[in-house]
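[1] need a 3D model of the sequence below.
(chains A and B)
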Amino acid sequence: MPEFDASMLLSGRYHDMLLAGLWLSIQLLAISLVLALPLATCIALLRLSPFRLLRGVGFAYVETIRNIPLLAHMLFWYFGAPELLPEAAKQWLYAGNTEASCAVIALTLYTAAYMAEDIRSGIRAISFVQMEAARALGLSFLAAMRLVILPQAMRVITPPLISQTLNLWKNTSIATVIGVAELMYQAGQVESASFRSFESFAFATSAYLSLSLLITALAAWFQHRYPPRAL
Amino acid sequence: MSGFLEIIDTYWLYFLVGQYPNGPLGGLALTLLLASCALVMAMPLGIALAFARISPWRAVRWPVSLLVFVVRGTPLLMVVFWAYFFLPSVTGVKTNQFWTMLIALVIFDAAYLAEIIRAGIQGLPKGQMESARSLGFGYFRAMRLVVLPQAIRHMLPSLINQFISTIKETSLGYIIGLAEVSFITSQINTQVMVYPAQIYLVLGLTYLLLCFGLSRFAYWLERRRGKQQAALVARKEAT
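    Sure thing, here's the model as predicted:
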């Protein structure tokens, strides 16, 4: 087995490619997270709504998305869905970074389904009396949610949401199948250009692992700093 | 809509078994075979890792905890790539895509199963282990005959969920060119050229039917167990 050559990771073309990949992966993580959180909250509220039809819509969304692998989502949103769009929208999509936009769509929809379940169970952990009391004070369902239930639920919800963020971070690697030039893709490119598979995959693995550790540490810190209050 | 029926009519056999009678097995059958083999093989490894994680010896507990941590902190795709590029250069044996994917899935699943099994064992009342030991069983005999059978029954729904994730994870075989159902679908797509949306919808629906069915089964098992537990408590209170 050849020697481990760290110099190619510290400077030069391969170094730049790997760093560009890491940066794009982090961007995918950030954009998908920012888009997924509000979507997940909406779906969680749908699932808790007093109307049966809305609950059904929320349930269908969560089960459909969660029972299909992310890879199939990626393939569908990249190869399949754009064909269904009207011509003008297609032109607009293909003008930008199509791969990355499709990856963000797939990651957002996928992550939102998982986060919605965490948010829902967090909200359900808040005593039902809180809702009744808020309603008795004259607040509407949505106002009671926003002002009374959600602020209390936040503490319960944050740790599982952080661990979903960890999953999202690992899932960004799957964007490589549709040719998004993120970390995994760049590691593959460097590997095939330089034949130094050990170095390029070591870089990618340690990058994934260190950000994962950071996210886990964040969750541990939060749980220590803000333990859930007994209600 | 016409696209759907046309595709299903022409390619259903290819979709289900790949080139099977005339070539290697593929398609949905390979996906299921891979997921089942991975789970069955990961189970003993997961039990061993779980034992190590709750072992009283630090020298055993720490390295295994580190391993579980590393595997859970990296994407499965990374594990697959390591297995694909690294195993042949270390062992000198050129492994094919099926074995690569199987090895990666077994390592990955074992780490996740270890946590499920650990929770299952630690969820049992301590008295079970203590009374087994006081009957003269050794640690491992008590585990095998008293603790594990009960823990596994509790874990059944989680195990089915793990099977569902494994089915979903086999789709990553696509990336190393394993002819599982996602890869076969892409091949069908390149042959048909038109109807990409319909083709990938068929793929999505297939996974959906399979995994949703299994998850309902897990849910049903959990509910049934809950009812049995409630009946047990009621009987105890009545006497």
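[2] contact residues of chain A facing chain B?
    Within chain A, the residues that sit near chain B (CB under 8 Å from any CB of the partner chain) are A:1, A:63-64, A:66-73, A:75-76, A:79-81, A:83-84, A:166, A:170-171, A:173-174, A:176-177, A:184, A:187-188, A:191, A:197-198, A:201, A:204-205, A:208-209, A:212-213, A:216. Just so you know, the C-beta spots here come from the backbone N, C-alpha and C atoms, and that holds for glycine as well.
[3] and those residues, which are buried?
    A:63, A:66-73, A:75-76, A:79-81, A:166, A:170-171, A:173-174, A:176-177, A:184, A:187-188, A:191, A:197-198, A:201, A:204-205, A:208-209, A:212, A:216 (16 or more other CB atoms under 10 Å in any protein chain shown).
[4] for chain A, which element, helix or strand, carries the lowest mean pLDDT?
    The helix or strand of chain A with the poorest confidence is helix A:7-10; it has a mean of 77 (mean pLDDT, DSSP states H and E).
[5] which elements pack onto that helix?
    Helices and strands touching helix A:7-10, by 3 or more CB pairs under 8 Å, 6 or more residues apart in numbering or on different chains; DSSP states H and E, are helix A:12-48, helix A:197-225.
[6] follow-up on the earlier one: just the ones of the residues of chain A next to chain B in helices?
    When DSSP state H defines the helices, the subset of these inside them is A:63-64, A:66, A:70-73, A:75, A:81, A:83-84, A:166, A:170-171, A:184, A:187-188, A:191, A:197-198, A:201, A:204-205, A:208-209, A:212-213, A:216.
[7] residue A:114 reaches residue A:164, doesn't it?
    Yes: counting by CB atoms under 8 Å, residue A:164 is a contact partner of residue A:114 at 5.3 Å.
[8] ok, the two, which is more surrounded?
    residue A:164 (24 against 21; other CB atoms under 10 Å in any protein chain shown).
[9] now do the helix or strand where the more buried one lies: distance to the chain's middle.
    According to DSSP states H and E, residue A:164 maps onto helix A:150-171. The chain centroid and the centroid of helix A:150-171 are separated by 10 Å under CA atoms, centre = their mean, to the nearest Å.
[10] how about stretch A:96-114?
    9 Å.
[11] okay, buried residues for that stretch please.
    Buried residues in stretch A:96-114 (16+ other CB under 10 Å): A:98-114.
[12] show me what contacts the residue most central in space within chain A?
    Geometric centre of chain A, nearest residue: residue A:168, 3.7 Å, by CA atoms, centre = their mean. By CB atoms under 8 Å, 6 or more residues apart in numbering or on different chains, the contact list for residue A:168 reads A:29, A:32, A:33, A:36, A:107, A:111.
[13] how far away is residue B:98 from residue A:24?
    31 Å (CB to CB, to the nearest Å).
[14] which parts of chain B sit against chain A?
    Residues of chain B lying near chain A (CB under 8 Å from any CB): B:70, B:72-78, B:81-82, B:85-86, B:89-90, B:164, B:167-169, B:171-172, B:174-175, B:182, B:185-186, B:189, B:196-201, B:203-204, B:207-208, B:210-212, B:215.
[15] change it to 7 Å
    Counting by CB under 7 Å from any CB of the partner chain, the positions of chain B adjacent to chain A are B:70, B:73-75, B:77-78, B:81-82, B:85, B:89, B:168, B:171-172, B:174-175, B:182, B:186, B:189, B:196-197, B:200-201, B:203-204, B:207-208, B:211-212, B:215.
[16] show me which of those residues are buried.
    B:73-75, B:77-78, B:81-82, B:85, B:168, B:171-172, B:174-175, B:182, B:186, B:189, B:196-197, B:200-201, B:203-204, B:207-208, B:211-212, B:215.
[17] before we move on, the earlier item: what residues of the helix holding residue A:164 count as buried?
    Buried-residue list, helix A:150-171, by 16+ other CB under 10 Å: A:150, A:152-153, A:155-162, A:164-171.
[18] could you do stretch B:43-57 as well?
    For stretch B:43-57, using 16+ other CB under 10 Å, the buried residues are B:43, B:45, B:46, B:47, B:49, B:50, B:51, B:52, B:53.
[19] just these now: which is nearest residue B:119?
    residue B:50 (8.8 Å; CB to CB).
[20] how many neighbours does the nearest residue to the closest one once chain neighbours are set aside have?
    Closest residue to residue B:50 apart from its sequence neighbours, by CB to CB, 6 or more residues apart in numbering or on different chains: residue B:117 at 3.8 Å. Around residue B:117 sit 26 other residues, with neighbours defined as other CB under 10 Å.
[21] what bits of the chain have low per-residue confidence?
    In the absence of a named chain, this looks at chain A. A:1-2, A:229-231 (pLDDT under 70).
[22] you answered for a different chain; I wanted chain B.
    Checking chain B against pLDDT under 70 turns up B:1-2.
[23] centre of the chain to the helix or strand where residue B:118 lies, how far?
    Residue B:118 is part of helix B:97-123, with elements assigned from DSSP H and E. Relative to the chain's own centre, helix B:97-123 is displaced by 7 Å; criterion: CA atoms, centre = their mean.
[24] just checking, what packs against it?
    helix B:27-53, helix B:58-73, helix B:76-91, helix B:148-169 (3 or more CB pairs under 7 Å, 6 or more residues apart in numbering or on different chains; DSSP states H and E).
[25] would you list these in a markdown table and tack on distance to residue A:139?
    Below are those laid out as a markdown table (distance: least, CB to CB, whole Å):
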| stretch | distance to residue A:139 |
| --- | --- |
| helix B:27-53 | 47 |
| helix B:58-73 | 42 |
| helix B:76-91 | 45 |
| helix B:148-169 | 37 |
